[in-house]
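Asker: need a structure here:
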Amino acid sequence: MRPPAPGFFDKLKWSLPWLSRYPLWRAGEIARRILRTLTRNGRAHLILIVANHFEPAWDERHGKVALATQRARVDEWCEQAEALGRAARDCDGTPFRHTYFYPAEQYHRPLIERLAGLESDGFGEVEIHLHHGVEQPDTAENLRRALEEFRDLLSEEHRCLSRIDGVGRPRYAFVHGNLALANSMGGRCCGVDSEMRILAETGCYADLTLPAAPLQPQTPRINALYQCGRPLDEPVPHRTGKNLRVGAKITSPVLLTGPLVFDWSRRRRGLPAPRIDDGALTSGYPPTPERLRRWRGAGICVHGRPEWIFIKLYCHGFFTNDQSITIGEPARRFLQESLEMADRDGRIKIHFATAREAFNIALAAVDGQSGEPGLYRNYRLRPIRQTEVAPATKSAANEQYDVTNEQFPLLF
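Answerer: Numbering: from 1, shown residues only. As a prediction, this is how the structure comes out:
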């Protein structure tokens, strides 16, 4: 579901905070790139993640669809996802996969069972998506209940999600429906100021909602892998925050943003007509090697490990016109062209990752690990289906990661 379309002046007003910071960010990124060129001879590792807002119950033209239609759509999607994963493998031999952010309010057991099977076969992972507060502002109690119930369904009934070191309570990545993370849409499509606190306390390790430009939820922080800088009980505590860096402590949820850069390649009457490139995979803006270069130029990384570059893209799996771009032949062609380009260049390696794997790689970077990022896909968070420890089991070492009302959430 998409938020209501705002007018031009609303978009401009909401965009001014990040637009005013963009030139400074760009100058800094150019300086950092020059420095990396002068001081490093190693490869750049591009860690490619696709956050799929996976809503089989929703059709962008007709609204909600019948369950039988949803099952047919998911079956067809899974077949295409398996075919694409077999055809496109990264430098580690890992198949291309989406991370499926499934809406809690659209849960149907047969659909999740099909996706869980896809995950079991190694062609994707399921995480949590939620639309709430759409008709009227939600409450903190209702939000907590919805997250906990869906988290437990996914982990206990379908063996999805992950645990720290394979033990403890389930952990999940999150995408906010309508982009209104932590009540960042002025009370619309959320209503819960303390949403980030609730996410942390229910096991969310990372949020992948942003970027949201040119809409109201876009924060001044762009092209960053960072932590909330304000108290988690406040609305929009992620409008500021420190970058993840080698040697630092981490609090959850971490904000893993996608690229937000300008594309100056378009011309109108011979003049530049810039547009925003926010990593969306759509038929109107298909992925190309040029876009990949722009995404790389966003330089999203753990500071101190600049050669590991995180490229979080996003799509809506069941927007009909976009499906071929996200999972069909155009997607296969883009991936293969990109992999071939990386092989020819010799200075780039491409790694396909899920949200969980990308977070693990970021944790490894924070801990000072280096070399091949693909070695750290299961660094701390391990898939529930691949562990044999009973869900209630806890190690003494894992106690430090538990959240209570008195602790700041989830220290890694």
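
Asker: Gln336: what's its closest spatial neighbour, skipping adjacent residues?
Answerer: Using Cβ to Cβ, 6 or more residues apart in numbering and skipping the chain neighbours, the partner closest in space to Gln336 is Ala88 (6.1 Å). Just so you know, the C-beta spots here come from the backbone N, C-alpha and C atoms, and that holds for glycine as well.

Asker: wait, doesn't the one you found sit right on Pro95?
Answerer: Yes. Counting by Cβ atoms under 8 Å, Pro95 is a contact partner of Ala88 at 7.0 Å.

Asker: if we can go back for a sec, state the distance from the residue nearest to Gln336 to Thr387.
Answerer: Look at Ala88 and Thr387: by Cβ to Cβ, to the nearest Å, they are 28 Å apart.

Asker: more neighbours, those two?
Answerer: Under the criterion of other Cβ atoms under 10 Å, the comparison of Ala88 against Thr387 puts Ala88 first, with 21 against 17.

Asker: Report the contact partners of His238.
Answerer: For His238, the contact set (Cβ atoms under 8 Å, 6 or more residues apart in numbering) comprises 181-182, 196, 207, 219, 221, 226, 228-230, 255.

Asker: what's the answer for Leu181, then?
Answerer: 190, 195-196, 207, 209-210, 217, 236, 238.

Asker: again with Phe262
Answerer: The contact partners of Phe262, taken as Cβ under 8 Å, 6+ apart, are 22, 274-277.

Asker: where does it land in three-state SS?
Answerer: strand (DSSP: H, G, I helix; E, B strand; the rest coil).

Asker: Check the residue of the chain most remote from its centre and give its pLDDT.
Answerer: Relative to the C-alpha centroid of the chain, counting by Cα atoms, centre = their mean, Arg269 is the outermost residue, at 36.9 Å. At Arg269, the model reports a pLDDT of 81.

Asker: try Lys11
Answerer: At Lys11, pLDDT is 80.

Asker: ranges for the helices of the stretch 301-412 of the chain?
Answerer: For the stretch 301-412 of the chain, the helices defined by DSSP state H, counting those that start in this stretch cover 323-327, 329-345, 355-366.

Asker: For Ile311, which of the ones you listed is the nearest?
Answerer: helix 355-366 (9.3 Å; Cβ to Cβ).

Asker: Show residues contacting that closest one.
Answerer: Under Cβ under 8 Å, 6+ apart, the answer for helix 355-366 is 47, 49, 51, 99, 125, 127, 162, 173, 205-206, 208, 225, 244-248, 250, 254, 256, 301-302, 304-305, 308, 310, 312, 353, 373, 375-381, 383, 412.

Asker: The same query, at a cut-off of 7 Å, please.
Answerer: 47, 49, 51, 99, 125, 127, 162, 173, 205-206, 208, 225, 244, 246, 248, 250, 254, 256, 302, 305, 308, 310, 353, 373, 376-381, 412 (Cβ atoms under 7 Å, 6 or more residues apart in numbering).

Asker: same thing with stretch 240-247?
Answerer: 221, 224-230, 250, 254-255, 302-305, 362, 365-366, 368.

Asker: Just the ones of the residues you listed in strands?
Answerer: 225-227, 254-255 (DSSP state E).

Asker: farthest pair in the residues you listed?
Answerer: Leu225 and Gln227 (9.0 Å).

Asker: Figure out the length between the terminal residues of stretch 143-163.
Answerer: End-to-end distance of stretch 143-163 (Cα to Cα, to the nearest Å): 22 Å.

Asker: Ok, stretch 141-161 next?
Answerer: End to end - Cα to Cα - stretch 141-161 spans 23 Å.

Asker: Run through the stretch 1-150 of the chain and note the low-pLDDT ranges.
Answerer: Flagging of the stretch 1-150 of the chain using pLDDT under 70 yields the residue ranges 1-4, 9, 32-42.

Asker: and what of the stretch 301-412 of the chain?
Answerer: Checking the stretch 301-412 of the chain against pLDDT under 70 turns up 388-412.

Asker: And Arg347, its phi and psi?
Answerer: Torsion angles at Arg347 (phi, psi; degrees, to the nearest 10) stand at phi -110, psi 0.

Asker: count of neighbours near it?
Answerer: Counted with other Cβ under 10 Å, Arg347 comes out at 9.

Asker: And for the one 10 residues further on?
Answerer: The burial count assigned to Glu357 is 26, neighbours taken as other Cβ under 10 Å.

Asker: quick one on the thing from earlier: farthest-apart pair in the contacts of Phe262, please.
Answerer: Tyr22 and Arg275 (13.9 Å).

Asker: how about His45, secondary structure?
Answerer: strand.

Asker: List the contacts of it.
Answerer: Here His45 is in contact with 307-309, 349, 351, 373 (criterion: Cβ under 7 Å, 6+ apart).

Asker: what ranges do the helices span in the stretch 1-150 of the chain?
Answerer: Applying DSSP H, counting those that start in this stretch to the stretch 1-150 of the chain gives helices spanning 8-39, 67-87, 109-120, 140-152.

Asker: Noted, bye for now.
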